[in-house]
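In: need a structure here:
(3 chains)
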Amino acid sequence: MATIAQSQTQARHATTPAASESGLWSWLTTIDHKRIGILYGVTAIVFLFIGGLEAMLIRLQLARPENDLLSLDAYNAIFTMHGTTMIFLAVMPASTAFFNYLVPLQIGARDVAFPRLNALSYWLLLAGALILNLSFFAGSIPNGGWYGYAPLTEILNGQTDQLNTGRNMEFWAVGLQVLGISSLAASFNMIVTIFNLRAPGMTLMRMPIFTWATLITSILMVLAFPAITVALALLQVDRFLGTHFYVPSTYIDGRLTLTGGDPLLWQHLFWIFGHPEVYILILPAFGLVSEIIPVFSRKPLFGYAVMVYALAAIAFLGFGVWVHHMFTTGLGPTPTAIFSATTMLIAIPTGVKIFNWVGTMWGGQIRFSTPMLFAVGLVSQFTIGGISGVMHSSAPVDTQQNDSYFVIAHFHYVLFGGSIFALIGALYFYFPKITGKMLDERLGKIHFWWTFLAFNAAFFPMHFLGLEGMPRRYASYAEGSGWWFWNVVVSIGSFALALSFVLLAYNIAKTLRSRNKVEDDPWDAATIEWSIPSPPPVYNYKEIPTVTNRDQFWADKYGTGHDHEEEDDLEVRIAGVKLGDVGSGDEQPEDQAATRRQADDLGDVEEDTHVHMPNPSFWPLVVAIGVFLLGLGLIFSHPRIEIERLSLPVLSVLGVVTMVFGIVAWSLEPASDPEPHHDEFNDGHGAAAAPTAAHH
Amino acid sequence: MSAMHVESQAEDAAHDHPSDKVYFTMLGILAVFTVVELLIFYAIESVVLRILILATFLVIKFVAQVGWFTHLRYDDRRLTWVFGGCFFIALAVMAATVVMMAFDGFHVGIQYD
Amino acid sequence: MATTTLDVQHAGGAVDHGHGHGDSGHGPTSTGIDSKKLLMWWFLGSDGVLFGALIATFMIYRNRAQDLSVGETVAGLVTTGGPFPNEILDQLFTAVSAGVLLFSSFTMVLAVASIGRGNIKAFRVWTIATAMLGGIFLAGQYFEYTEFFHEGLSLQQNIFGASFFVLTGVHGLHVFAGVLWLLGLSLTSFRGGISKKDHTNVEVAGLYWHFIDIVWIVLFTLVYLLPYRDGAHDPEHVDGAMRLVQAIPFF
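Out: All right, here's what the predicted structure looks like:
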């Protein structure tokens, strides 16, 4: 066993710990999961503000009837970019930020399984985000909606008055393609990390629930993203090379020709991705809330196992419901009936989660700190979004509400009232972990109530507007439509909501500037990431912890209830039973002994200087720059759009060369110790892999 | 035969490796199947029969490749679950799409001149 | 502990495999499965969805160009013309190509087995052979594409051409990437950079290569062997069995 453990040794001695390094270069070359997590987080916040500005433009436009603040084209562009930005550049990166920062800490690992791949994921995200947003400067902003329905996105020969003869959708398609690769790489990494780098004793059913949410979300991404990759690839082939995958008829040689293409294919492929995508947005939020509520209720998560099964059930069923986005396309009664039924089924595991959160709070000693307020905010607001969602599973109701503001209300309750509430709550919760400083609680509480009220003012009236028939995506409405009043309310609410984010930004800035350090475990939290210093050292755990219990840190602090000690008022109970007595995954003493032995075999670190951490690497950034240039090249050297073609294929070639150079240099770069250990169990667990159990 | 032998070994330890003989056998089987497929294509008139036989052959060749050449047969059982799970979801979703698109799709609604 | 016995078995051969099914931190990884190998299997699962979507697109469109060609105009519109699959596909030629790819899977397993035994020379031979067979397959595909272009089937000609070229083209790109990967491995071995301990790196490349072959097995049946309807067929003159099959639009 000891031999096997030694095989993990790789990379250099961290005699100068990277934590003390700073400056631009260290951030550009970092492969530390915590720094990459921070990069993801900062990026998400920046794009949240950009997406928010776009939302403000939409609300300004709709604040009075027949407004001409935005032209019709500009309005199309702005709502497209608002949706795309919020989904792909704000909420998903924010979730990924927490995946990156928390998962290795929660499973007791020193980094993710493939740290350089992790860096590449981030730089590709930035590349995709830049490509999408450079469209503003190129003056051809994506304008086909975030769902990009064909044939709105197509170049149709001989029909000059139509939407997309410009490069608008090129930016969108190429940008999303790059973002897709980024998400895929990140999720492969997370899956392998969670399966393979768990600390001794951390069985699957002892993992913190957020780690479970990460695992399930990553599996969803792995299986959902290829569908949009294909959908976008076919769109690009259509646009670049003049095929007709999504175009039923067009002018060929001056004659209107039936091509056989079918716009419905786009909808199928897009929603096969798109529906799992909405779970990709919400499941991490569920995970975060499931971490926060137990801590502030001072009780273990109620029904842990059922929560895990519910996550898995939502994910699995999520692949069988995509057609409910297409009820009005006339697929016939059989598909409609089947997909109505599967959609209703999803309400069951989701309802289970809601009840389990309530069950966790029931009888607990609840502290309403800011994270808890936001978590409870999710439970209430997501329930509203969930109820309006399950309404749509009924095809007749859906037909009535399809493409109206009711749908907008629904998914903002799910996405904002769900995902964003949880992400903000988690920001308050983990801020002391990440920075060692506590966000101002008083400001935080004001922030919560402000957000909560503004959010409801901004989105609840949309239900009424939708039921009154106001269609979504329209740039204006008539004076006598009767929609003015609620639109004004919505606009005022949105601006108030925008201000709440200014308050959050102020709170963050104020806290970062202050010198008030907080203790390592300010919330009296349950899981092991709080057992190490805040912010964590670059190697995370000096000694890889041994896990014997689901809420390991509580068990360490207060005992598991098996040994009758430390009976004080902090004792953790579920309905009168102490933590650990009811299926909380703690093991018998003999198992504990065995687990401890394994931990010894894996080898603990004696001194900081002996922890091996992988080298920083520049090559992920180089590869991402290559992809970025290639993406721009594909956009600007479009064979079917009249443009200044001369110098532009150069960009693609340059991109490919940079990318290939980066990949080759990457694979030649020694990620491992210059003097590898010559034992035959050194099986190349990953030249790029992390030292799970660094040993000396 | 050698395949059978290795199979029984694999029951004992899921991490055993087949001998080169097994690979030769598998190559032979797969090659023969491909030739027979081609013969079926040219020889069998009945479309229904052709489809049935081809589908059977496809499944056999697929399983043979995944099970033996990728060692899944001899590898950790959980890897079979990973690939099998992904494959199941891909197959179910895409088959449903094809059925929906094809049955209620384009040519049914077209009025031929 | 059960692990000990397994370790002994591994001493002579592959060393990358698991150490029992416990979840609790045996061996190098929690599952005992090598991280690269686990990554590759998830990647293949994901790539399976990618090909699933492409194959679905192809199945939806495989007879559509023929169905459109029943008259000069359909619903008052002109239609895209031939060539149609029954006029253009060469099953014999593609069967040979499929055989080449099949054989390359065989040389690939031998390459993996060689590196497992520490036989670098044999590894080199089999890896280069695999890459060359992949190259022959690609050459065959190039030849097939040029033939089709000559006969008038282009990406833009009809929806069959579009879906055929995109589906087989994406597969071809996968083969191309695999060839580069294998050449990279053999180059590394010439520089002395590959030894028995790199067994997993080779095995992972092997998994990818076999997957490409598996995809081609599926494509060969669905694209080349499954019957197509003829262009401009007359619905009055099909026999009973054919009528039954034609109720299923994608056959």
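In: now the closest residue to residue A:481 other than its chain neighbours: how far from chain C?
Out: If the residues on either side of it in the chain are set aside, residue A:481 comes closest to residue A:65, at 6.8 Å by Cβ to Cβ, 6 or more residues apart in numbering or on different chains. C-beta: built from backbone N, CA, C; applies to glycine. Look at residue A:65 and chain C: by Cβ to the nearest Cβ, to the nearest Å, they are 41 Å apart.
In: Correct me if wrong: residue C:52 contacts residue B:96.
Out: No. Using Cβ atoms under 8 Å, residue C:52 makes no contact with residue B:96, being 11.1 Å away.
In: the more surrounded of these two?
Out: Neighbour comparison, residue C:52 and residue B:96: the larger count goes to residue C:52, with 27 against 20 (by other Cβ atoms under 10 Å in any protein chain shown).
In: After the helix or strand hosting the more buried one, which helix or strand is next?
Out: Under the criterion of DSSP states H and E, residue C:52 resides in helix C:35-61. Downstream of helix C:35-61, the first helix or strand assigned by DSSP H and E is helix C:64-68.
In: does residue 94 sit in a helix or strand, and which one?
Out: Reading this off chain A. Per DSSP H and E, residue A:94 falls inside helix A:92-106.
In: look at chain B instead
Out: helix B:77-103.
In: so that helix versus helix C:35-61, what angle?
Out: Helix B:77-103 runs at 10 degrees relative to helix C:35-61, counting by axes from the mean of the first three to the mean of the last three Cα atoms, to 10 degrees.
In: still on that earlier bit, what's the angle between the helix or strand just after the helix holding residue A:94 and helix A:92-106?
Out: Once the chain leaves helix A:92-106, the next helix or strand it forms, by DSSP H and E, is helix A:115-138. In terms of direction (the same axes, to 10 degrees), helix A:115-138 departs from helix A:92-106 by 170 degrees.
In: do helix A:115-138 and chain C meet at all?
Out: No. Judged by Cβ under 8 Å from any Cβ of the partner chain, helix A:115-138 makes no contact with chain C; its nearest approach is 8.6 Å.
In: buried ones in that helix?
Out: Within helix A:115-138, the residues that qualify as buried are A:115-129, A:131-135, counting by 16 or more other Cβ atoms under 10 Å in any protein chain shown.
In: Repeat that for stretch A:532-552.
Out: Buried residues in stretch A:532-552, counted by 16+ other Cβ under 10 Å: A:532, A:534-542, A:544-552.
In: quick one: low-confidence ranges for the chain?
Out: All of this refers to chain A. A:1-21, A:156-165, A:561-612, A:638-648, A:671-696 (pLDDT under 70).
In: that's the wrong chain, I wanted chain C
Out: Counting by pLDDT under 70, chain C contains low-confidence ranges at C:1-27, C:70-75, C:231-251.
In: how near is the residue of it found nearest chain B to residue C:54?
Out: Using Cβ to the nearest Cβ, the closest approach of chain C to chain B is made by residue C:45 at 2.7 Å. Distance, residue C:45 to residue C:54, by Cβ to Cβ, to the nearest Å: 15 Å.
In: relative orientation of the longest helix along chain A and helix C:35-61 in degrees?
Out: Assignment by DSSP state H gives helix A:263-297 as the longest helix of chain A. Following the same axes, to 10 degrees, one obtains 140 degrees for the angle between helix A:263-297 and helix C:35-61.
In: tell me what whichever helix or strand residue A:55 is part of is packed against?
Out: Assessed by DSSP H and E, residue A:55 sits inside helix A:33-62. Under the contact criterion of 3 or more Cβ pairs under 8 Å, 6 or more residues apart in numbering or on different chains; DSSP states H and E, helix A:33-62 touches helix A:72-84, helix A:92-106, helix A:115-138, helix A:421-435, helix A:484-513.
In: The following helix or strand past the last one: how far from the chain's middle?
Out: On the C-terminal side of helix A:484-513, the closest following helix or strand by DSSP H and E is helix A:552-558. Here helix A:552-558 is found 30 Å from its chain centre; the criterion is Cα atoms, centre = their mean, to the nearest Å.
In: right, is helix A:552-558 up against chain C?
Out: No. Applying Cβ under 8 Å from any Cβ, one finds helix A:552-558 separated from chain C by no less than 13.6 Å.
In: Report the buried residues of that helix.
Out: Under the neighbour-count criterion of 16+ other Cβ under 10 Å, helix A:552-558 has A:552-555, A:557-558 buried.
In: Looking at the residues you listed, which is nearest chain C?
Out: Of all those, residue A:552 has the smallest distance to chain C: 13.6 Å, by Cβ to the nearest Cβ.
In: For the spatially closest residue to residue A:120 that is not a sequence neighbour, identify the helix or strand it belongs to.
Out: Once flanking residues are discounted, residue A:120 sits nearest to residue A:620: 3.9 Å by Cβ to Cβ, 6+ apart. Residue A:620 is part of helix A:619-636, with elements assigned from DSSP H and E.
In: C-terminal to the longest helix of chain A, what's the next element?
Out: Downstream of helix A:263-297, the next assigned helix or strand under DSSP H and E is helix A:304-317.
In: who's in contact with residue A:196?
Out: Neighbouring residues of residue A:196 by Cβ atoms under 8 Å, 6 or more residues apart in numbering or on different chains: A:113, A:692, C:29-31, C:33, C:35, C:38.
In: Can you give me the neighbour number for residue A:468?
Out: Neighbours of residue A:468 (other Cβ under 10 Å): 14.
In: Could you tell me how far it is located from chain C?
Out: Distance, residue A:468 to chain C, by Cβ to the nearest Cβ: 38 Å.
In: so that residue touches residue A:483, yeah?
Out: Yes. Using Cβ under 8 Å, residue A:468 is in contact with residue A:483, at 6.4 Å.
In: for residue A:258, phi and psi?
Out: Backbone torsions of residue A:258, given as degrees, to the nearest 10, read phi -80, psi 120.
In: what's the distance between the residue nearest to it when sequence neighbours are not counted and residue A:255?
Out: Take residue A:258 and drop its neighbours on the chain: the residue closest to it by Cβ to Cβ, 6+ apart is residue C:77, 4.4 Å away. According to Cβ to Cβ, residue C:77 stands 8 Å off from residue A:255.
In: Which one's more surrounded, these two?
Out: residue C:77 (15 against 11).
In: got the contact list for that one?
Out: Applying Cβ under 8 Å, 6+ apart to residue C:77 gives the contacts A:249, A:256-258.
In: The residues you listed in helices, which ones?
Out: Judged by DSSP H, the contacts of residue C:77 include no members of helices.
In: among these, who's most crowded?
Out: Each of the contacts of residue C:77 was scored for neighbours by other Cβ under 10 Å, and residue A:258 scores highest at 24 neighbours.
In: ok, now how distant is it from residue A:239?
Out: Using Cβ to Cβ, residue A:258 is found at 20 Å from residue A:239.
In: Then residue A:363?
Out: 59 Å.
In: more neighbours, those two?
Out: Legend: neighbour count by other Cβ under 10 Å for residue A:363 and residue A:239, higher for residue A:239 (22 against 14).
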